[in-house]
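J.: need the 3D shape of this:
(2 chains)
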Amino acid sequence: MEMRIKEAIRYLGYGRHAVDDGTFALITEVFRELDQIKCAKSVYRIFDLQVKGADQIEIGGWTVTSKNLSKNLTGCDQIVLFGATLGTEVDRWIRRYSLTDMAKAVVGQACAAAELEEYCDDCQKKIAEEYQRQGRYLRPRFSPGYGDFSISCQETLMRMLDCAKTIGLTLTGGGMMTPTKSVTAVIGASTEQQPCHIKGCEACEKKDCLYRRSS
Amino acid sequence: MLLERLGKELLFLDGGMGTLLQEKGLQPGELPESWNLKRPEEVIAIHQNYFEAGSDIVLTNTFGANALKFHSEDCPLQEVVARAVENVREAARRGVKDGREIYVGLDIGPTGKLLKPMGDLAFEDAYEAFAEVMEYGEKAGADLIHIETMSDTYEVKAAVLAAKERTSLPVFATMIFDERGKLLTGGDVPSVVAMLEGLRVDALGINCGMGPEQMLSILEELLTYTSLPVIVKPNAGLPKQRDGQTYYDVMPEEFASTMKRIVEKGACIIGGCCGTTPAHIRQMTTLCQGMKAVPPVKKHHTLVSSYGTCISFGRKPVIIGERINPTGKKKLKQALKDGDFDYILKEGIMQQEKGAHILDVNVGLPDIDEVAVMEKVVTELQSVTSLPLQIDTVLPEAMERAMRIYNGKPMLNSVNGKQESMDQVFPLVQKYGGVVVALTIDEDGIPDTAEGRLAIAEKIICEAEKYGIDRKDIVVDVLAMTISSEPEGALVTLKALKLVREVCKVNTVLGVSNISFGLPKRPVINAHFYTMAMQQGLTSAILNPFSEEMMNSYYAFCALMNYDENCASYIERYSKTVEEEQQSIAGSPTQAGQEMSRAGEMSLQTAIERGLKEEAGHLTRELVREKEPLAIIQEQLIPALDVVGKGFEKGTVFLPQLLMSAEAAKEAFAVLKEVLERSGQKEQKKGKVILATVKGDIHDIGKNIVKVLLENYSFDVIDLGKDVDPEVIVHTAKQEGIRLVGLSALMTTTVVSMEETIRLLREHCPDCKVMVGGAVLNPEYAEMIGADFYGKDAMQSVYYAQRVFA
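T.: Below is the predicted model:
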């Protein structure tokens, strides 16, 4: 099964349960539509990084206070700021189904989230390949809102990437990203290779989550 | 004078500014515009270099100078803008030695915000932000307004309107396209040209995003559609990265030689964007010096556009969906009265699915605020469909309001040969742009002859020209008269169509179905008349895309006239039907047949449990023949919903299945509701519940799930939408005497507004219960902010509502 389909099923709350045929057919159909309307764009910029202590880092003159992020970036001397979006049409598409077919809207939501993750992974892989030629290795992506890395950091991050102009990603007054199917993140780069990354669900402290990836 | 030179000679713009300021020490995060005041000499020096390099137009350092983006305590916006203009003037005094005429262009960049309905910036707020800067700029002596780097048609519309209404300066507008010729918000070249020409900018074009080489193909497309002078302002190549720095690697020589090709192709205002330097501009002006501008050629495309779609008239017939019009539609009337916008939006979405290209929007009812409702419907439709809209109203205020907030170049319904009508409508078209339906009727009524109707068409076209409205933006309706009362009706219409097409060379439209009033089997007449009319030159029709017969005519006509390449659309539409027919002839059951026979054995309860929407509808229609609707609800619907709901709680049924069942139940309820209404009964409602996603929050999928379920359990839901002000919630709760409010929030940042809403509700509606839900909440958090109940999933909120109204 395609990875993105597996992930979409997980986002829909199936946990370890097998998905029923009806839902599976719906997911397949929704991905087909999504492939037609998505307009994935991404942007990244590389900055020098200084880890200034257990809870402070500096990204090209920008100081961020976060223990979790500091830990994630230990040993890194460069950092990639990263932004990605699937575009506004995906929001319209989900909104359209919210009116005519709520099941499809919910599946669309899950599929778009899975699609976005996969797209980010692909982008990161390309950045990693470039880096590898310089003998550097990437850490897992870390987004504002993870742990104690404040969601309010999103604004500066997006300004440093000029997200509105480059990929059409903006923030609302309430600090939410529009288009909604979007990601901002930082990715540490280090000369040392970490053999095994703990990321995503496995790195999360909320062990009783309905959506947790089963190991 | 700048306007007199446009399109007649080649004009040179300047090049990049940001990268040069960075080289001079501008820090990341520092506002570049603040240097106009803080380090004017550095800014003047850059401008001066461009004048010395040969620029005729130099842009002010004001790209981000608007109240939404530029926040600085020690640099007031007005001073920043005034000084920016003065800096360019000073640079000209120092750098222009040959006495040539130069211009100061007030540079206007995007706000960095996404406009409503997809984002949270109101159109009029964007307009005000632009207008403020433009007024400062004109006052300070700018010669033109140069709007650039726009990736959203809606934002550029706000900017152009502000420039046009609040200043008297010439307006240039350029946008960022990608290699495929698309904007970030989905628009393409023709849709941008249609809208900007409609708004009457003085020149338009492309800047940023790409290097000169990549812009060639976009330029070609621009020149295919526009009659205006074209601006091209590329980056010095595609951005690349090295050591954390963005750089561009197209060198001045290469840049200049591609720019020469760009001039040869037909651009007549050229310059550079990111990464270009005075050296690039100098090479460019040196190489292009003495070249003649290719004069812009007038184009004749009739284009109607939305933010993301452009419909071109004249070849393949255009279908304008007629269903959003309350005339003769009881349900739509009720929906408009109740403010049930979901119903109206669904009408739009379904017409799109059936093949409409443009949607007619008429919300005229005697007892509603048509201006407000029209604005709301247009805005909301543009948040769910990219089809262009036809604004259909007799009220000039409603037409103007809709044209103003419409994202794109709308179609308008309508103007006619009466002087009063033309006096009202044409000034609006002149200001906002649009393609207008012209009815061939005037003070003396509808002429009986084709020649008479042609004469009115000519009169209207002639009057439009006085406003500078070209005939390409007039679509003539020669009117279809009912043949049951006027035997020659169809003949006159067909003759008039041909005449108007041949003599006036305009596109045409008809409300086709008028032809058959009073006759049996109207679709037979309608569809044949439609085909005949297309054959005579009908280029668009206002019709019901749900009519199988009309759509048959359409697909057949397109296939026959070679408008449907390889008959692809025809085959796609009909090949399945043929297979089904053959199978049923051969005696093997079709898929639909299988489902029906399976449905024959299936109970309605099972169909709903399995989430089979079509079967549920079909079975309900069967059942009502023998059973009372209320009994069906009790015996089939409620048990089905209970089974699924319990399964969901136990973890054997999952959210998509729960919702598929809910949709199936909804289908059944819709059938039953109709039966009840016909017999004068009413469905028993359990109580009214308000649902809203709180202020600042734009994620509403959770709220929408709860809504579908509550409705299935016979609650009346008032859906206030997303990003809802606490005051609106409180006001509605008070007004409607609400006993239960459901609030949703996704993120920690918006729980604050949830708390505020609850506080206000307690104060003003002490008897009202509040249930909350959303990703960020848990029972403790919910209690902390004073909610009565935390629903961990949608079913929990249904159970809670049942307890509240028990």
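J.: can we go C-alpha only for contacts and neighbour counts from here?
T.: Will do.
J.: and the longest helix along chain A, how far out from the chain's middle?
T.: Ranked by residue count, the top helix of chain A under DSSP state H comes out as helix A:102-133. Its chain's C-alpha centre and that of helix A:102-133 lie 7 Å apart, by C-alpha atoms, centre = their mean, to the nearest Å.
J.: now stretch A:154-166
T.: When C-alpha coordinates are averaged (C-alpha atoms, centre = their mean), stretch A:154-166 and its chain have centres 15 Å apart.
J.: also stretch B:387-394?
T.: 12 Å.
J.: tell me if it is near chain A.
T.: No. Using C-alpha under 8 Å from any C-alpha of the partner chain, we find that stretch B:387-394 stays clear of chain A, coming within 12.2 Å at best.
J.: list of residues touching that stretch?
T.: For stretch B:387-394, the surrounding residues in contact (C-alpha atoms under 8 Å, 6 or more residues apart in numbering or on different chains) are B:304-306, B:309-311, B:320, B:352, B:357-364, B:378, B:399, B:402-403, B:408-414.
J.: give the buried residues for that stretch.
T.: Neighbour counts over stretch B:387-394 (16 or more other C-alpha atoms under 10 Å in any protein chain shown) mark B:387, B:388, B:389, B:390, B:391, B:392, B:393 as buried.
J.: next, the first one: secondary structure please.
T.: By that I understand residue B:387. Following DSSP: H, G, I helix; E, B strand; the rest coil, we place residue B:387 in the coil state.
J.: give me the pLDDT value at residue 158.
T.: All of this refers to chain A. Here, the pLDDT recorded for residue A:158 equals 94.
J.: other chain: chain B
T.: 98.
J.: one more: residue B:74?
T.: For residue B:74, the predicted pLDDT is 89.
J.: if I pick the most centrally placed residue in chain A, what's in contact with it?
T.: Nearest to the mean C-alpha position of chain A, counting by C-alpha atoms, centre = their mean, stands residue A:183 at 4.6 Å. Residue A:183 makes contact with A:83, A:84, A:85, A:116, A:143, according to C-alpha under 8 Å, 6+ apart.
J.: between the helix or strand harbouring it and helix A:102-133, how big is the angle?
T.: Assigned by DSSP states H and E, residue A:183 falls within strand A:182-190. On the basis of axes from the mean of the first three to the mean of the last three C-alpha atoms, to 10 degrees, strand A:182-190 is oriented at 20 degrees to helix A:102-133.
J.: phi, psi of the residue nearest to residue A:119 when sequence neighbours are not counted?
T.: The shortest distance from residue A:119 to any non-neighbouring residue, by C-alpha to C-alpha, 6 or more residues apart in numbering or on different chains, is to residue A:40 (7.7 Å). Reported as degrees, to the nearest 10, the phi and psi values for residue A:40 are phi -70, psi 130.
J.: one more: residue B:485?
T.: Note on residue B:485: backbone dihedrals following degrees, to the nearest 10 are phi -110, psi -20.
J.: and if you look at the one 3 residues further on?
T.: In terms of degrees, to the nearest 10, the main-chain angles of residue B:488 are phi -90, psi 0.
J.: so what's it up against?
T.: Counting by C-alpha under 8 Å, 6+ apart, residue B:488 has no contacts.
J.: how near is it to chain A?
T.: From residue B:488 over to chain A the distance is 44 Å, taken as C-alpha to the nearest C-alpha, to the nearest Å.
J.: what residues does the stretch 701-806 of chain B have near chain A?
T.: So far as C-alpha under 8 Å from any C-alpha goes, the stretch 701-806 of chain B lies against chain A at B:701, B:704, B:705, B:708, B:749, B:750.
J.: tell me the contacts of residue 3?
T.: Since you didn't name a chain, this refers to chain A. With C-alpha under 8 Å, 6+ apart, residue A:3 has no contacts at all.
J.: wrong one, I was asking about chain B
T.: B:170, B:202 are the contacts of residue B:3 under C-alpha under 8 Å, 6+ apart.
J.: confidence score at it?
T.: pLDDT, read off for residue B:3, is 96.
J.: can you name the element that comes right after the host helix or strand of it?
T.: For residue B:3, the enclosing helix or strand under DSSP H and E is helix B:2-5. The helix or strand immediately downstream of helix B:2-5 is strand B:11-12, counting by DSSP H and E.
J.: buried sites along the helix or strand just after that next one?
T.: Sequence-wise, the next helix or strand downstream of strand B:11-12 (DSSP H and E) is helix B:18-23. By 16+ other C-alpha under 10 Å, the buried positions in helix B:18-23 come out as B:18, B:19, B:20, B:21.
J.: my read: the last one touches residue B:30, true?
T.: No. If you go by C-alpha atoms under 8 Å, residue B:21 and residue B:30 don't touch, sitting 10.6 Å apart.
J.: okay, now residue 16: neighbour count?
T.: Chain wasn't specified; assuming chain A. 13 (other C-alpha atoms under 10 Å in any protein chain shown).
J.: hmm, I had chain B in mind actually
T.: Neighbour number of residue B:16 under other C-alpha under 10 Å is 25.
J.: need the contact list for it.
T.: B:272, B:273, B:274, B:275, B:276, B:277.
J.: so it versus chain A, what's the distance?
T.: For residue B:16, the distance to chain A equals 16 Å [C-alpha to the nearest C-alpha].
J.: read off the pLDDT value for that residue.
T.: So, for residue B:16, pLDDT stands at 95.
J.: ok, now how distant is it from residue B:282?
T.: As judged by C-alpha to C-alpha, to the nearest Å, residue B:16 and residue B:282 stand 13 Å apart.
J.: equivalent analysis for residue B:442, please.
T.: From residue B:442 over to residue B:282 the distance is 59 Å, taken as C-alpha to C-alpha.
J.: can you get me a residue count around residue 165?
T.: Reading this off chain A. Counted with other C-alpha under 10 Å, residue A:165 comes out at 22.
J.: please go with chain B instead
T.: 11.
J.: chain center to the one helix or strand it maps to: distance?
T.: Per DSSP H and E: residue B:165 is located in helix B:153-166. Distance of helix B:153-166 from its chain centroid, counting by C-alpha atoms, centre = their mean, is 16 Å.
J.: which strands and helices lie in contact with it?
T.: Counting contacts by 3 or more C-alpha pairs under 8 Å, 6 or more residues apart in numbering or on different chains; DSSP states H and E, helix B:153-166 is packed against helix B:123-140, strand B:144-150, strand B:171-175, helix B:189-198.
J.: next, the angle strand B:144-150 makes with it.
T.: 170 degrees.
J.: for helix B:153-166, buried residues please.
T.: Quick answer for helix B:153-166 (16+ other C-alpha under 10 Å): B:153-164, B:166.
J.: repeat that for stretch A:103-117.
T.: Quick answer for stretch A:103-117 (16+ other C-alpha under 10 Å): A:103-117.
J.: can you spell out which helices and strands pack onto the host helix or strand of residue B:78?
T.: Secondary structure assigned from DSSP H and E places residue B:78 in helix B:77-95. Where contact means 3+ C-alpha pairs under 8 Å, 6+ apart, helix B:77-95 is packed against helix B:35-38, helix B:40-53, strand B:103-108, helix B:123-140.
J.: now the angle from that helix to helix B:123-140?
T.: Going by the same axes, to 10 degrees, helix B:77-95 makes 40 degrees with helix B:123-140.
J.: which one of the buried residues of stretch A:103-117 is nearest chain B?
T.: residue A:103 (4.8 Å; C-alpha to the nearest C-alpha).
J.: what's the residue of the stretch 351-500 of chain B found nearest chain A in contact with, if anything?
T.: When distances are taken as C-alpha to the nearest C-alpha, the stretch 351-500 of chain B reaches nearest to chain A at residue B:384, 5.0 Å away. Contacts for residue B:384 were tallied using C-alpha under 8 Å, 6+ apart; they are A:92, A:93, A:95, A:96, B:345, B:349.
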